[in-house]
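**Q** I'd like to go over a predicted model; first the sequence, then the structure.
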Protein chains: 2
Amino acid sequence: MTSTQMNANGSIVDADLAAKPPRERILHAARALFYWRGIHVVGVEAIAEAALTNKMTLYRHFKSKDELIVAYVRQLAAEGEGVWERNAAAHPGDAQKQIESWVAYVEDIVMHKAERGCALANAAVELQPDHPARAVIDDYKQRKRERLVGLFSHAGYRDPDALADEVFLLFEGARISIQCGGKGLASRVVGMLRELLAKAERAGTHR
Amino acid sequence: MTSTQMNANGSIVDADLAAKPPRERILHAARALFYWRGIHVVGVEAIAEAALTNKMTLYRHFKSKDELIVAYVRQLAAEGEGVWERNAAAHPGDAQKQIESWVAYVEDIVMHKAERGCALANAAVELQPDHPARAVIDDYKQRKRERLVGLFSHAGYRDPDALADEVFLLFEGARISIQCGGKGLASRVVGMLRELLAKAERAGTHR
DNA sequence: CCGCATTCGTACTGATCGGTAACACCGCAG
DNA sequence: CTGCGGTGTTACCGATCAGTACGAATGCGG
């Protein structure tokens, strides 16, 4: 985890960024600009500039802007997977603890991060369905739902599929609602998730 | 309600479109192209062409592309409001029937329309937070939630605010999930809504 | 120290963007 | 018929887009 931050203007605040290899810098800059400003409104020149390099170097590492977009989306998906794996490693065999940890993670996301919503969902909105990055996004979202199902199943919930659907949709709805309507609505999703899980657990145990 | 349709390619299939005044045609074309392809990737020339006119006429009716975007968003919001008002007029004083009608409307949306998600949410994703259209979107989403609260309140549900939040987030999550992951997940939202309302109603009545 | 391959930066290409100027055209009122 | 507002057409503007040619700089093995 780096200490890199970016304000809404897109200017990068990262002291040790210059020390990293160019490809990493470019991906880093693309990530921030794509997220905060949008994929199609950001030109490759702006990305190269934010990465403390130039357009030529960018095209030496990425064949085209589309390929950079795919790399951007892949990076996001890989980080999301990493969160799940670290969570599983932190509480091995304890699905209930993993769930609680995930809810805390969601709380952090909704309250302090993701002020522009889910980067992958935003990318899906901006990209045509046949764009190669869309497959990455769809796979990630599906795998995320499957992880939820597996978690709820292991934790002994009744009907883990339905529970995962509901949790998934609530989370997605919260993230998309952050940018149209503010954080107030989305911040209540954590309480809803906790209550939903508590009720569902009872439904599974008092059979 | 017109019989206008548009395929994913953006070609307009509307016989009596040529008879309408230019401004209406332009808005009509912009709506389809903005929704299916995205706001920033569609140029004004393509819009004018789809509207069976040219760029000059477009700029005679809209000062700039940004103003056209605002008009596009306003049109969407106005239609959404119209649905609510017609629903209220169809079942005057009967909040429960209005809720059921709304759920059926959601089912229709999720199952047959909105294959690219909510047009207003997509616009919010594409536009910067300070774009004038964003205020229209935020207002609409907030009013929509307030309508849900009012409906649930009149129908006698306990804690209509919390219920409206949950319903709202589920619906928003379903719409954003249509385009990343397919219709399978989103189609289950209707059952979740009905079950959620049934449970909440019981909670309000067996006090 | 030199030689060489890789990387970098300037400057460019053709295309397209949003937006405009100038003018021909059409229908309609008088 | 003449005038006139709205529409259509063509050409253009400066800016910016994705992508590239090519020389300058650079690091590194010898």
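**A** Arrived safely, thanks for sending.
**Q** Would you map the helices across chain A?
**A** Counting by DSSP state H, chain A has helices at residues A:22-37, A:44-50, A:55-61, A:65-90, A:95-112, A:119-126, A:132-154, A:160-179, A:183-187, A:189-205.
**Q** Is there proximity between the first one and DNA strand C?
**A** Yes - Helix A:22-37 comes into contact with DNA strand C (C-beta under 7 Å from any atom of the strand), by way of A:Pro22. Backbone N, C-alpha and C define where each C-beta goes, glycine included.
**Q** do you know how far whichever residue of chain A sits closest to DNA strand C is from chain B?
**A** For chain A, the residue closest to DNA strand C is A:Met56, as judged by C-beta to the nearest atom of the strand, at 3.5 Å. From A:Met56 across to chain B, the span is 25 Å (C-beta to the nearest C-beta, to the nearest Å).
**Q** Who are the contact partners of that residue?
**A** Counting by C-beta atoms under 8 Å, 6 or more residues apart in numbering or on different chains, A:Met56 makes contact with nothing.
**Q** which sections of chain A are below the confidence cut-off?
**A** Across chain A, the ranges flagged by pLDDT under 70 are A:1-19, A:202-207.
**Q** and it, which of its residues are near DNA strand C?
**A** Within chain A, the residues that sit near DNA strand C (C-beta under 7 Å from any atom of the strand) are A:Pro22, A:Thr53, A:Asn54, A:Lys55, A:Met56, A:Thr57, A:Arg60.
**Q** near DNA strand D too, which of these?
**A** Intersecting those with the contacts of DNA strand D gives A:Lys55, A:Met56 (criterion: C-beta under 7 Å from any atom of the strand).
**Q** Between all of the residues of chain A next to DNA strand C, which two are at the greatest distance?
**A** Among the residues of chain A next to DNA strand C, the pair separated by the greatest distance (C-beta to C-beta) is A:Pro22 and A:Lys55, at 12.0 Å.
**Q** residues in contact with the residue nearest to A:Arg31 when sequence neighbours are not counted?
**A** By the measure of C-beta to C-beta, 6 or more residues apart in numbering or on different chains, the closest residue to A:Arg31 outside its immediate chain neighbours is A:Tyr72, 5.9 Å from it. Listed by C-beta under 8 Å, 6+ apart, the contact partners of A:Tyr72 are A:Leu27, A:Ala30, A:Arg31, A:Phe34, A:Ala123, A:Ala133.
**Q** Apply 7 Å and report the result again.
**A** Counting by C-beta atoms under 7 Å, 6 or more residues apart in numbering or on different chains, A:Tyr72 makes contact with A:Leu27, A:Ala30, A:Arg31, A:Phe34.
**Q** among these, who's most crowded?
**A** Comparing the contacts of A:Tyr72 by number of neighbours (other C-beta atoms under 10 Å in any protein chain shown), A:Ala30 comes first, having 26 neighbours.
**Q** what about it, distance to chain B?
**A** For A:Ala30, the distance to chain B (C-beta to the nearest C-beta) stands at 17 Å.
**Q** Next to chain B, which bits of chain A? Give me the list.
**A** Those residues of chain A that sit near chain B, judged by C-beta under 7 Å from any C-beta of the partner chain, are A:38, A:40-41, A:117, A:121-122, A:124-126, A:137-138, A:141-142, A:145, A:165-166, A:169-174, A:176-177, A:179-181, A:185, A:188-189, A:192.
**Q** filter those to the buried ones?
**A** If you count burial by 16 or more other C-beta atoms under 10 Å in any protein chain shown, the buried members of the residues of chain A next to chain B come out as A:38, A:40-41, A:117, A:121-122, A:124-126, A:137-138, A:141, A:145, A:165-166, A:169-174, A:176-177, A:179-181, A:185, A:188-189, A:192.
**Q** rewinding a little: among the residues of chain A next to DNA strand C, who's most crowded?
**A** Using other C-beta under 10 Å as the neighbour criterion, A:Thr53 leads the residues of chain A next to DNA strand C with 19 neighbours.
**Q** who's in contact with the closest residue in space to it that isn't next to it in sequence?
**A** Of all residues not flanking A:Thr53 in the chain, A:Pro22 sits nearest, at 5.4 Å (C-beta to C-beta, 6+ apart). The contact partners of A:Pro22, by C-beta under 7 Å, 6+ apart, come to A:Thr53, A:Thr57, A:His61.
**Q** Tell me which residue of chain A lies closest to DNA strand D.
**A** Across chain A, the shortest distance to DNA strand D (C-beta to the nearest atom of the strand) belongs to A:Gly43, at 2.9 Å.
**Q** Tell me how many other residues crowd that residue.
**A** Neighbours of A:Gly43 (other C-beta under 10 Å): 12.
**Q** Give me the distance between it and A:Phe34.
**A** 11 Å (C-beta to C-beta, to the nearest Å).
**Q** A:Lys65 too?
**A** 10 Å.
**Q** and chain A, which residues reach DNA strand D?
**A** A:Val42, A:Gly43, A:Val44, A:Glu45, A:Ala46, A:Lys55, A:Met56, A:Tyr59, A:Ser64, A:Lys65, A:Asp66.
**Q** In JSON lines: those residues, plus distance to A:Tyr105.
**A** Formatted as JSON lines, the residues of chain A next to DNA strand D follow (distance: C-beta to C-beta, whole Å):
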{"residue": "A:Val42", "distance to A:Tyr105": "28"}
{"residue": "A:Gly43", "distance to A:Tyr105": "34"}
{"residue": "A:Val44", "distance to A:Tyr105": "33"}
{"residue": "A:Glu45", "distance to A:Tyr105": "36"}
{"residue": "A:Ala46", "distance to A:Tyr105": "31"}
{"residue": "A:Lys55", "distance to A:Tyr105": "37"}
{"residue": "A:Met56", "distance to A:Tyr105": "40"}
{"residue": "A:Tyr59", "distance to A:Tyr105": "36"}
{"residue": "A:Ser64", "distance to A:Tyr105": "34"}
{"residue": "A:Lys65", "distance to A:Tyr105": "32"}
{"residue": "A:Asp66", "distance to A:Tyr105": "31"}
